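Visitor: Predicted model and sequence below, questions to follow.
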Amino acid sequence: MLKKTNQSIFFLFLIFIFFCFIFFAPNIFAQNQTSLNISASSTLSYYIKIDNKTAQKGYTILYKDFKLSLGTTSLSDASEIKVEEIAGQMPIPWQLNQISRVYQFEIINKSVFTSKNPLYLELKYNKPSDYFKQIYFFDRGTWRALPGSDYPDKKIVRSPIHLPFFRAVILENTRLMTMGQASWYAYKKGLFAASPDFPAGARLRVYNSALGRQKFVDVTINDYGPNRLVHPGRVIDLDKVAFSKLAATSQGTMAVLVEPLFLPPGFKTMQNLGDIKAETNPQVSAKSAYLLSDNKNNVIYEKNSKAVLPLASLTKIISAKVFSDTKPDLNKIVAYSIADEEKNYLYCKKWESAKLKLADGDKIKINDLLIASLSASTNNTVETLVRASGLSRPAFIAKMNDLANASGATSTVFIEPSGLSPKNVSSAFEYAIIFREAIKNIIISESTAKFSYKININNGKNKITIFNTDRIIGLNKYRIIASKTGYLDEVGYNLAIKAEQNGRKLILVLMGAPTREQSIQDALNLLEFGFKNKF
């Protein structure tokens, strides 16, 4: 009987040990400080009480991918501390990508916290990233950026912080590439560099990635390049002098890490490198916008997309489609007539019309007329194309309307072919349908996407270089398949564009932006939003 009783007691003791291990072991192993009072909580991911003695010595809190160092003067007395992983969805700004968990930290006894010296926070990111990264903390609907350093070999960002309570996360900015290959070029013979991301005047610290943070050179940006569409993995081009301080120029290229030292305030604001509102969708200044995926045929963004507004020079795409449908000989030479441009003056003052400078009787290729109309948005050349089409002007305009009606664009109306009349109208929704179909014609799409073009007049005796009215084409940010701008006082700035990135194609129509700059910014924001999100 005694033997059975002893066995029962031993068995109960084993059960007691087992439950002690289940309840207390996770907290014991979470910290290598057994003298501290640590307990688990069903509502908190991590809870610890730091006594006065430990507070005076300083302490490092480790939990999952969260690390926070308390200095010897961070706490004046004992306090409980909570660390929690926020598993719910936090509103992340659409311009940035979340690449770490969100953690909440709190010193319960705020009165013992001294902010004289910062705490040092380290968060680990959960995927490799070649882009600029910062730790942000959430403050009443705004994410506030912390200064810090990126350690790609450890996949951590380290930042100082002076708060007893915060929610923090690592966000990456894909507008700024900071890891990749650097090449060299001989130009100013000094500590300079060219960048496609950072502006002239910015100062950057460039590390040789093979040597970690042991070897670096500080450079000033004074040039643009390299072209990311040609060299997608190229982060920066260093002047030969700067490159040679990190590696032998015979290498040609080397892997680098770039760290900003100084950025112009306006650039920091534009690139969202400071505080940023937790807005999950772009804010668009244009009166109307429509963005869709050409791959999946689904709508990504819209704003008043069915509002009927003047088309302005977006009209020219439809004129080009009607003209192309007549199967013209693009190499045919035609004679220009002053009577062509006089038709423009029915809708505007003579000095208001964008035109190609041609004299009566000048000889010019039809192909050059088409490119000038679509790329430089010249109005007189459109009327010359109408005349060269073999159709009467009323018949030509009727075909423009027939084309719109056949696509289901019942609110779209054309009364002239250039877009100078505010009575040429459509909606962003309807125009996207027409534009999408029209630019399937490769002659039209290629003509709209030329950054510059040299036109020969009178068999090369006169030459004119024209430039595209869409500045986005010159940025080399995306592959622009087709693009057309438009402007009238009655509507503001319009833009239609088809762009591609990594095989994904987007079609965007903007109507009624208040300024050219806002039209460009709206377009860049919406394209970035569309390419970032896998709709």
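Guide: Good, I have the coordinates.
Visitor: From here on, just use CA atoms for contacts and neighbour counts.
Guide: Will do.
Visitor: where does Ala87 land on pLDDT?
Guide: With respect to pLDDT, Ala87 has a value of 85.
Visitor: partners of the top strand by length along the chain, with directions?
Guide: Longest strand of the chain, by residue count under DSSP state E: strand 165-177. Using DSSP bridges, the strands paired with strand 165-177 are strand 97-98 (antiparallel), strand 103-107 (antiparallel), strand 131-139 (antiparallel).
Visitor: How far does that strand sit from its chain's centre?
Guide: How far strand 165-177 lies from its chain's middle: 14 Å, per C-alpha atoms, centre = their mean, to the nearest Å.
Visitor: just so I know, which of the strands paired with strand 165-177 lies nearest Val284?
Guide: Closest of the strands paired with strand 165-177 to Val284 is strand 97-98, at 20.1 Å (criterion: C-alpha to C-alpha).
Visitor: just the strands paired with strand 165-177: most buried one?
Guide: strand 131-139 (a mean of 22; mean count of other C-alpha atoms under 10 Å).
Visitor: Can you give me the neighbour number for Tyr290?
Guide: By other C-alpha atoms under 10 Å, 25 other residues sit near Tyr290.
Visitor: Next: Pro232.
Guide: Counted with other C-alpha under 10 Å, Pro232 comes out at 11.
Visitor: residues contacting it?
Guide: Under the criterion of C-alpha atoms under 8 Å, 6 or more residues apart in numbering, Pro232 has no contact partners.
Visitor: what about it, which SS state?
Guide: coil (DSSP: H, G, I helix; E, B strand; the rest coil).
Visitor: what are the phi and psi angles of it?
Guide: phi -60, psi -20 (degrees, to the nearest 10).
Visitor: Check what pLDDT it gets.
Guide: Per the predicted model, pLDDT is 93 at Pro232.
Visitor: how close does the residue lying closest to Ile333 once chain neighbours are set aside get to Ile455?
Guide: Closest residue to Ile333 apart from its sequence neighbours, by C-alpha to C-alpha, 6 or more residues apart in numbering: Lys365 at 4.4 Å. Separation of Lys365 from Ile455 (C-alpha to C-alpha, to the nearest Å): 9 Å.
Visitor: Okay, domains of the protein per the record?
Guide: Domains of the chain are assigned by automatic domain parsing as 22-175, 178-277, 288-532.
Visitor: what's around Ile439, how many residues?
Guide: Neighbours of Ile439 using other C-alpha under 10 Å come to 22.
Visitor: if I pick it, what's in contact with it?
Guide: 317, 445, 482.
Visitor: In a helix, the second one, correct?
Guide: The one in question is Ser445. Yes. Judged by three-state DSSP, Ser445 forms part of a helix.
Visitor: Need the pLDDT of it.
Guide: Looking at Ser445, its pLDDT is 98.
Visitor: surely it meets Ile480?
Guide: No. Using C-alpha atoms under 8 Å, Ser445 makes no contact with Ile480, being 9.2 Å away.
Visitor: List the residues that are in contact with both of these two.
Guide: With C-alpha under 8 Å, 6+ apart as the test, Ser445 and Ile480 reach no residue in common.
Visitor: just the strands in the stretch 301-450 of the chain please.
Guide: Shown for the stretch 301-450 of the chain, the strands assigned by DSSP state E, counting those that start in this stretch span residues 309-310, 333-335, 363-365, 425-426.
Visitor: Can you say which of the ones you listed is packed in most?
Guide: Of these, strand 309-310 is the most buried (mean count of other C-alpha under 10 Å), at a mean of 26.
Visitor: what lines up beside it in the sheet?
Guide: According to DSSP bridges, strand 309-310 has these partners: strand 425-426 (antiparallel).
Visitor: Run through who's touching the partner strand.
Guide: 307-311, 409, 411-414.
Visitor: Torsion angles phi and psi at His527?
Guide: Just to correct that, residue 527 is Leu rather than His. Dihedral angles (degrees, to the nearest 10) for Leu527: phi -60, psi -40.
Visitor: Asn109 and Ser79 touch, don't they?
Guide: Yes. Taking contacts as C-alpha under 8 Å, Asn109 lies within contact range of Ser79: 5.4 Å.
Visitor: The two: who's more crowded?
Guide: Ser79 (19 against 14).
Visitor: Give me the next element, helix or strand, following the worst-scoring helix or strand of the chain on mean pLDDT.
Guide: In the chain, the helix or strand scored least confidently by mean pLDDT, DSSP states H and E is strand 37-38, which has a mean of 35. As assigned by DSSP states H and E, the chain's next helix or strand after strand 37-38 is strand 46-50.
Visitor: Show me what that following strand pairs with in its sheet, parallel or antiparallel.
Guide: Short version: by DSSP bridges, strand 46-50 pairs with strand 37-38 (antiparallel), strand 79-85 (antiparallel).
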